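Enquirer: Model the following, please.
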Amino acid sequence: MEKIKRSIFFWTLTLLFFVIAPSLVLYARGYRIDFQKGVFVHSGTITLKTNPENAQIALNGKLEKATASRINNSLNISGLIPREYRLTVSAPGFNDWNKKTEVHSGVSSEFWNILLTRKEYAKTAYAAGLVEKFFISPEDKLIVLENSQNETVFINILDIKNDAITQTYSFPDWQFIPEERKENIEWSPKEDYLLIPLQKKTLLENKAEMVFSYFVINPEKETFFNLNEFLEKENLKNARWHPEDKDYIFFLSETDLFRASITDKNDLTLIDRDVSSFDLAENGVYYSQLPNELVFRKDLDGISGKNQITFASPKKNRSSNEKLIVYDEARIAFLDKDKNLFLFNKGQHQEYLQKIGSPVEGIQFSDDGKKLLFWNTNEISVHFLRDWNVQPFRIENETKEITRYAEKISNVQWFKDYEHVVFNVGSFVKIIELDNRDYRICNDLLTTGTNNSQIVYNHYLEKLFFSDPAKENGFFSSIDIPEKTNFLGL
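Expert: Predicted structure coming up:
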């Protein structure tokens, strides 16, 4: 009898070994039992990177423990049975982020740009008084604040760190230029000068006409002068600072493109004629030349190194080009006066010269040159200029509509990660993600008392600045976004 018991015990252990051992091996290799199907399946993983970093992760409403990576501050949930899950990311005081996601065998479903927005942001107010428009300096130290009162334009310079107005300039009888001219105050690259475009009514030959002028402010000397009068030229437009030399500007006079010194009026170079638009880069001045709108480049001295960049017109018999935006010689955007957007793109697979949108109000390349953001008063879209081999995958020469509203959209701009877009709709300041898996998450960041108040997101300071002229005595503030992160998870 005892022998029979030992035999049963031995064979039971043997049977358990042959059942459990393969299961342990399969488990170690990433296999799991799918109880719905009653079979072993190769498990999948969800990898995500969140801001803030201390977020909680839930799958189908159940909190999950994620493994943290100090290499890139990502989180991993492994050993998941392949199927659809409801992924929720949450943190106290923040709006939840949630999407449906498919987990596949042996593959990681990746979400690298999960941004949780606060339910309410703390606002930093600045001692700025009434602010209608503002412009942040290239080195992120100063902000020009613009307002008008009693037919006088006031220009204040705010020191961000010390929260103090350091200088004030007034321009009696002058006004802001209209939005149609699409020109703004521009800092020189090292914050040495300011270029202020203004207009005023004047009587010419017994007829009231609007005169446009540029004023150059020297903050160090606290002086300014009328650039048109200094150069003895009228009808200047699209004035831009030299990207390296603070004493030079580029501008159009009718269709002539010039390079001019702001210290010596005789130092004036005609770069070329029949120019519809131009843009500046570190390696030269790019310009579109009539009648075919072919693009050429010259060195920044305005004389040497003329090269033809494009060899075909975007379209026949179109209106002249109004704006040229150059990322590099391989990526150039054209916006004509009929608001048609054309793109020249030497892609990874082929060369394109095509219309990608209409009507279009504004355009902005991403910092890496792989995306082009463009918009009008009701829609925001993104065109992908290169393949994107990280989830969510993107294809070269593909355009995606990001969002649309019946109400007016304004102040559209990239967020820090170039995977979100910030914009206004009425009194709401919003942020929307590009990732359209399941759906695009869009959240309100704040509300203002004035519709379409100016907003500017500064990538370096990680602050969203905004004005609210409807507030008593004006209101100029900022919020911090995204949340501060640790280095290597420490």
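
Enquirer: what residue ranges in the stretch 101-250 of the chain score low on pLDDT?
Expert: For the stretch 101-250 of the chain, no stretch is flagged by pLDDT under 70.

Enquirer: For beta bridges, what are the partners of the residue most central in space within the chain?
Expert: In the chain, the C-alpha nearest the mean C-alpha coordinate belongs to W414, at 1.5 Å (Cα atoms, centre = their mean). Beta-bridge partners for W414, by DSSP bridges, are V421.

Enquirer: can you pull out the strands in the stretch 1-150 of the chain?
Expert: 31-34, 39-42, 44-51, 56-59, 62-64, 67-68, 75-80, 84-90, 97-102, 108-115, 124-125, 133-136, 142-149 (DSSP state E, counting those that start in this stretch).

Enquirer: how about those strands, which one is nearest K408?
Expert: The closest of the strands of the stretch 1-150 of the chain to K408 is strand 133-136. By Cβ to Cβ, the value is 17.6 Å. To be clear about C-beta, it is placed using only N, CA and C from the backbone, and glycine gets the same treatment.

Enquirer: Other residues contacting the closest one?
Expert: Strand 133-136 is contacted from outside by 142-147, 176, 184-187, 454, 456, 458, 465, 467, 476, using Cβ atoms under 8 Å, 6 or more residues apart in numbering.

Enquirer: Next SSE downstream of the host helix or strand of A208?
Expert: Using DSSP states H and E, A208 sits in strand 207-218. Note on strand 207-218: by DSSP H and E, the next helix or strand toward the C-terminus is strand 223-226.

Enquirer: Strand partners (parallel or antiparallel) of that following strand?
Expert: Strand 223-226 sits in its sheet next to strand 207-218 (antiparallel), going by DSSP bridges.

Enquirer: ok, W241 - contacts?
Expert: E186, W187, S188, P189, Y193, L195, Y248, I249, F250.

Enquirer: how about 10 Å then?
Expert: Contacts for W241 (Cβ atoms under 10 Å, 6 or more residues apart in numbering) come out as 138, 186-190, 192-195, 216, 247-250, 262, 280.

Enquirer: Mark which of the residues you listed are buried, thanks.
Expert: E186, W187, S188, Y193, L194, L195, V216, Y248, I249, F250, I262, L280 (16 or more other Cβ atoms under 10 Å).

Enquirer: With L145 as the reference, measure out to the nearest residue to Q149 once chain neighbours are set aside.
Expert: Spatial nearest neighbour of Q149, excluding adjacent residues (Cβ to Cβ, 6 or more residues apart in numbering): L130 at 7.3 Å. For L130, the distance to L145 equals 9 Å [Cβ to Cβ, to the nearest Å].

Enquirer: Likewise for S320?
Expert: Relative to L145, and taking Cβ to Cβ, S320 is found at 35 Å.

Enquirer: More neighbours: the two, which one.
Expert: L145 (25 against 14; other Cβ atoms under 10 Å).

Enquirer: Quick one: residues contacting the more buried one.
Expert: Neighbouring residues of L145 by Cβ under 10 Å, 6+ apart: 126, 128-135, 154-158, 165, 168, 185, 467, 474, 476.

Enquirer: Select only the buried ones of those in PyMOL?
Expert: Here is the PyMOL command that selects the buried residues among the contacts of L145 (16+ other Cβ under 10 Å):
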select buried, resi 126+128+129+130+131+132+133+134+135+154+155+156+157+158+165+185+467+474+476
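
Enquirer: nearest to S358, of the strands of the stretch 1-150 of the chain?
Expert: Among these, the nearest to S358 by Cβ to Cβ is strand 133-136 (27.8 Å).

Enquirer: Just the C-alphas of that closest one, formatted as PDB.
Expert: C-alpha atoms of strand 133-136 as PDB (Å, rounded to 0.1, in the frame of the first residue of the first chain):
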ATOM      1  CA  LYS A 133       0.000  93.400 -28.000                       C
ATOM      2  CA  PHE A 134       3.400  92.000 -26.700                       C
ATOM      3  CA  PHE A 135       6.600  90.600 -28.200                       C
ATOM      4  CA  ILE A 136       9.200  88.500 -26.400                       C
END
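
Enquirer: Partner strands of that strand and their direction?
Expert: By DSSP bridges, strand 133-136 pairs with strand 142-149 (antiparallel).

Enquirer: Would you tell me what the next helix or strand after the partner strand is?
Expert: Taking DSSP H and E, what comes next after strand 142-149 is strand 152-159.

Enquirer: Neighbouring strands - and their directions - for that next one?
Expert: Its sheet considered, strand 152-159 pairs with strand 142-149 (antiparallel), strand 164-172 (antiparallel) by DSSP bridges.

Enquirer: Comparing those, which comes out most buried?
Expert: Mean neighbour counts were taken over the strands paired with strand 152-159 using mean count of other Cβ atoms under 10 Å, and the top value, a mean of 20, falls to strand 142-149.

Enquirer: Just the C-alphas of it, formatted as PDB.
Expert: Backbone C-alpha positions of strand 142-149 (Å, rounded to 0.1, in the frame of the first residue of the first chain) are rendered in PDB as follows:
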ATOM      1  CA  LEU A 142      12.500  91.300 -22.100                       C
ATOM      2  CA  ILE A 143       9.000  91.800 -23.500                       C
ATOM      3  CA  VAL A 144       7.800  94.700 -25.500                       C
ATOM      4  CA  LEU A 145       4.300  95.800 -24.400                       C
ATOM      5  CA  GLU A 146       2.200  97.800 -26.800                       C
ATOM      6  CA  ASN A 147      -1.000  99.900 -26.100                       C
ATOM      7  CA  SER A 148      -2.700 102.900 -27.500                       C
ATOM      8  CA  GLN A 149      -4.400 105.700 -25.600                       C
END
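
Enquirer: How far off centre is it?
Expert: Relative to its parent chain, strand 142-149 has a centroid offset of 23 Å by Cα atoms, centre = their mean, to the nearest Å.
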